[in-house]
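Undergrad: what follows is a predicted protein model with its sequence.
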Amino acid sequence: MKKKAIIGSALALLAIAAYIIYQNQFAYSEPDEVLTQDEFVETFEETEALEEVDGLDRVGVNGNSPEEKILDVMHQMTHQKIVANQKWGAIPMTTRNIEQIDLIVSSSPNIRTPEVKKQLLQIIAKWERGDFSEADKDHNYIWDLQNGTLGKARGLLSKEEELYFIDEWFIEGKAEEEK
């Protein structure tokens, strides 16, 4: 009888642990409020708070860059907007960066197919309009092109989460990058 009680308790603990892992890794609910591009521009671009980390020239990407590098930049730009278990690197979703990646993709002879180029330009066009409502889907499209295995987007960051991300990666994080 004691064995059954111990097994029952162990199973209950495993079920609780599985539920907690599921909530932390997979469960996601849409945020009530997201950071709008107008708020982002007003808070960060107009105050020049991101001046030191703005511009794609600092990451060495241009119209002659290989597709892999272009995809990596777009992928890292989405990190500011999305929920994912893993994120490696981040590039701010500034007006300047969006305009630059548009020019780069438009002029690149290195995108694998016309269909992929068209899709990337459609994603960028949404970003230029300040529409990030599908940034998680945009991330996962790019991530799939890169044969991603870890860090699939599970949704969008809330306004507070994105502000925290910006502060950690671009305001506080720039000191780390310069070392």
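TA: Cool, the structure landed. Numbers count the residues shown, from 1 in each chain.

Undergrad: export stretch 158-178 to CSV, keeping only CA atoms.
TA: In CSV, the C-alpha atoms belonging to stretch 158-178 read as follows (Å, rounded to 0.1, in the frame of the first residue of the first chain):
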residue,chain,number,x,y,z
SER,A,158,3.3,42.8,-24.1
LYS,A,159,4.1,46.6,-24.0
GLU,A,160,5.8,46.2,-20.7
GLU,A,161,7.8,43.1,-21.8
GLU,A,162,9.0,44.9,-25.0
LEU,A,163,10.0,48.0,-23.0
TYR,A,164,12.0,45.7,-20.7
PHE,A,165,13.6,44.0,-23.6
ILE,A,166,14.6,47.3,-25.2
ASP,A,167,16.1,48.5,-22.0
GLU,A,168,18.0,45.2,-21.4
TRP,A,169,19.3,44.7,-24.9
PHE,A,170,19.7,48.2,-26.4
ILE,A,171,20.0,50.7,-23.5
GLU,A,172,21.8,48.6,-20.8
GLY,A,173,23.1,46.0,-23.3
LYS,A,174,25.1,48.4,-25.4
ALA,A,175,27.7,48.7,-22.6
GLU,A,176,28.1,44.9,-22.8
GLU,A,177,28.5,45.0,-26.5
GLU,A,178,31.3,47.6,-26.4
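
Undergrad: buried residues, the helix or strand in which residue 104 is found. List them.
TA: Assessed by DSSP states H and E, residue 104 sits inside helix 95-107. For helix 95-107, a neighbour-count test (16 or more other CB atoms under 10 Å) marks 95, 97, 98, 100, 101, 102, 104, 105 as buried. All C-beta atoms are positioned from the backbone trio N, CA, C, and that covers glycine.

Undergrad: hmm, which two among those are most spread apart?
TA: 95 and 105 (16.1 Å; CB to CB).
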